[in-house]
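*Asks:* just coords:
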């Protein structure tokens, strides 16, 4: 029986693992993808920190006995906006670095793979 | 509420207003933009002094933003340590801003002043906030501004280091969010004071998670503070960025230290069960390594700015040696040393900038070059800055290190602390002496300086101001250490802090 908890937890795990793997790669494009995946994992995790609840209103009122925690939703919204801005900045920065130094390696060294392609 | 009560928000409001105004007027009227920026810095200095005077009485004051009471709204909290940090930020920003304007560093791009103000907004916010998520947001504000400032002036070397700096910090921020999520899930609050009260009631089954959250948070702050082994981003970034900016960045590593000082006693203090003082056993080895490695870096660095960057790592390490014990007397010593090391590190970066400007063609490489205008004056400034950073008498570095050494004496592992601090100091002294004699005493044969022979010595003003502040800190060591001790005592009394935050007015 696949529960919601298992699904969410494994999704976070897979996203985080893929993200960390890609962040540790040498080329900037993969790193950007990795950062994005990792931030998805983090956002899902933040979302889950308010407990997993389905079909509940996020607003407290006297008629509602059981409600979803609205605060993590607000936090995730903030985190998404910040991550979006950061990712955009990182992409532009890496593009500039590529155009100026001619290398898309994070450490700025000449890229061995592209030399092979040219040969 | 009176005006005085609203003063707490001013260090955040002033740069938040000055940045867009400077951005708008910059294109049409440069001078007006610069004037706005400088005025904002002076206004921040005045506010910081007023706030420090208010906080000096010992009362912790909280300011509920939007009138929402804690723990539902976001609060700003000001106590002695926040006051000290605000004053330090305002002073340092004024010095570096003046240096940037005088040396025309700010003309290398359009957005220096707005970015500078946003950076201050982030710094001041991080020093004031009493809410953990808000701390994250202000961290992001100061980081985003620092990306822009770090790249100010551009060039391939800066872009290369910039890419790494941005990646490291985005990963750091993500980990910060994970820790926040864990803490919120466990305690149901983000207000630090409230969280501190609630961690004690966490069931035994969740203690492991709490410990993980504590250690994650510590690693994030250690990354910002550039503690070994999380220091690799710092030397590259600080050494290639514009020195005036690097001087301001000397404060940025201290934000990580400040966050540790703020969060650990408040949330992971004695009542926190399995997570009580969880970061403590890891901090001392990391601090010892940072001190040793930082001053070893000073010893081998080939450029003055690189040397200054390693000195920042080393002095943060020394600071953390004192903090790792989490006792009132060690924290008091640490706070005094923190003020000193920020100013001293900044002074060293500024002197490196002066040398690089005057030795056009040779830069700040620690190798013999041509004689240049104002060599003696620059040499004296370098000597003063080096003495301060290394911790020799008569400047405040000596007093700071002495306080640290005295406060850790007798604690577990104090032999290591003493050996590392004293050994690292020796390495630093030799490194600085070697660099200074190569740059200021040796000629490479060419008697003509390539730089334009300037008679104006305005670029010496900012480093001189930083050194004079260090002299003042040394001269006023008695009152300063007493105040630092009081600030430390306040930090280690989370209950009083929580009482002030949870029941404002």
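*Replies:* Yep, that arrived. What you see is a predicted model, and the numbers here were worked out from it, not measured in a lab.

*Asks:* switch to C-alpha atoms for all contacts and neighbour counts from now on
*Replies:* OK.

*Asks:* Which residue is the nearest non-sequential neighbour of residue A:66?
*Replies:* Taking CA to CA, 6 or more residues apart in numbering or on different chains, and ignoring the residues beside it in sequence, residue A:66 has residue A:56 as its nearest neighbour in space, at 6.9 Å.

*Asks:* surely the one you found meets residue A:65?
*Replies:* No. At 9.6 Å, residue A:56 does not count as touching residue A:65 under the criterion of CA atoms under 8 Å.

*Asks:* Can you pick out the residue with more neighbours from those two?
*Replies:* Set side by side, residue A:56 and residue A:65 show more neighbours around residue A:56, with 12 against 9, by other CA atoms under 10 Å in any protein chain shown.

*Asks:* so the more buried one, which of the three states?
*Replies:* coil (DSSP: H, G, I helix; E, B strand; the rest coil).

*Asks:* Contact partners for it?
*Replies:* Shown here is residue A:56, whose contacts under the criterion CA atoms under 8 Å, 6 or more residues apart in numbering or on different chains are A:66-68.

*Asks:* Filter the residues you listed down to the buried ones.
*Replies:* Neighbour-count burial (16 or more other CA atoms under 10 Å in any protein chain shown) applied to the contacts of residue A:56 gives residue A:68.

*Asks:* taking the contacts of residue A:56 one by one, which sit in strands?
*Replies:* Within these, no residue falls in strands by DSSP state E.

*Asks:* Closest to the centroid, which residue in chain A?
*Replies:* residue A:39 (1.9 Å; CA atoms, centre = their mean).

*Asks:* residues making contact with the host helix or strand of it?
*Replies:* Secondary structure from DSSP states H and E places residue A:39 in helix A:28-48. Residues outside helix A:28-48 that contact it (CA under 8 Å, 6+ apart): A:8, A:11-13, A:15-25, A:72-73, A:75-76, A:79-80, A:83, A:87, A:90-91, A:94, A:104-106, B:170-171, B:174, B:177-178, B:180-182.

*Asks:* C-terminal to that helix, what's the next element?
*Replies:* helix A:70-101.

*Asks:* Show me what that following helix is packed against.
*Replies:* Helix A:70-101 sits against helix A:28-48, helix B:132-150, helix B:156-187, with contacts defined as 3 or more CA pairs under 8 Å, 6 or more residues apart in numbering or on different chains; DSSP states H and E.

*Asks:* Kindly recompute the last result at 7 Å.
*Replies:* The criterion is 3 or more CA pairs under 7 Å, 6 or more residues apart in numbering or on different chains; DSSP states H and E, and the helices and strands that helix A:70-101 contacts are helix A:28-48, helix B:156-187.

*Asks:* right, and the ones you listed - which one's nearest residue B:347?
*Replies:* Taking CA to CA, helix B:156-187 is the member of those nearest to residue B:347, at 21.5 Å.

*Asks:* so where's chain A uncertain?
*Replies:* A:110-119 (pLDDT under 70).

*Asks:* If we use 80, what do you get?
*Replies:* Along chain A, segments meeting pLDDT under 80 span A:1, A:59-61, A:107-119.

*Asks:* Okay, now the unreliable bits of the stretch 101-250 of chain B?
*Replies:* Applying pLDDT under 80 to the stretch 101-250 of chain B flags the ranges B:110, B:154.

*Asks:* ok, which residues in it are in contact with chain A?
*Replies:* Neighbours of chain A within the stretch 101-250 of chain B, by CA under 7 Å from any CA of the partner chain: B:156, B:159-160, B:163-164, B:166, B:174, B:177-178, B:181-182, B:184-185.

*Asks:* how about these in JSON lines, adding neighbour count?
*Replies:* As requested, those are exported to JSON lines (neighbours: other CA atoms under 10 Å in any protein chain shown):
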{"residue": "B:156", "neighbour count": "17"}
{"residue": "B:159", "neighbour count": "26"}
{"residue": "B:160", "neighbour count": "28"}
{"residue": "B:163", "neighbour count": "27"}
{"residue": "B:164", "neighbour count": "21"}
{"residue": "B:166", "neighbour count": "22"}
{"residue": "B:174", "neighbour count": "21"}
{"residue": "B:177", "neighbour count": "25"}
{"residue": "B:178", "neighbour count": "23"}
{"residue": "B:181", "neighbour count": "27"}
{"residue": "B:182", "neighbour count": "22"}
{"residue": "B:184", "neighbour count": "22"}
{"residue": "B:185", "neighbour count": "20"}
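
*Asks:* would residue B:59 count as being in a helix?
*Replies:* No. Counting by three-state DSSP, residue B:59 is not found in a helix; it is coil.

*Asks:* Which strands or helices does the helix or strand bottoming out on mean pLDDT in chain B pack on?
*Replies:* Here the helix or strand of chain B ranked lowest by mean pLDDT, DSSP states H and E is helix B:3-6, holding a mean of 82. Applying 3+ CA pairs under 7 Å, 6+ apart, one finds that helix B:3-6 contacts no other helix or strand.

*Asks:* Next, give phi and psi for residue B:278.
*Replies:* phi -60, psi -40 (degrees, to the nearest 10).

*Asks:* Around it, how many other residues sit close by?
*Replies:* The tally of other residues near residue B:278 (other CA under 10 Å) stands at 22.

*Asks:* Need the pLDDT of it.
*Replies:* Per-residue pLDDT puts residue B:278 at 83.

*Asks:* got a list of what it touches?
*Replies:* Contact analysis of residue B:278 by CA atoms under 7 Å, 6 or more residues apart in numbering or on different chains lists B:211, B:214-215.

*Asks:* Pull out the buried residues from the helix or strand harbouring residue B:53.
*Replies:* Here residue B:53 sits within helix B:30-56, counting by DSSP H and E. Using 16+ other CA under 10 Å as the test for burial, helix B:30-56 gives B:33-34, B:36-38, B:40-52, B:54-56.
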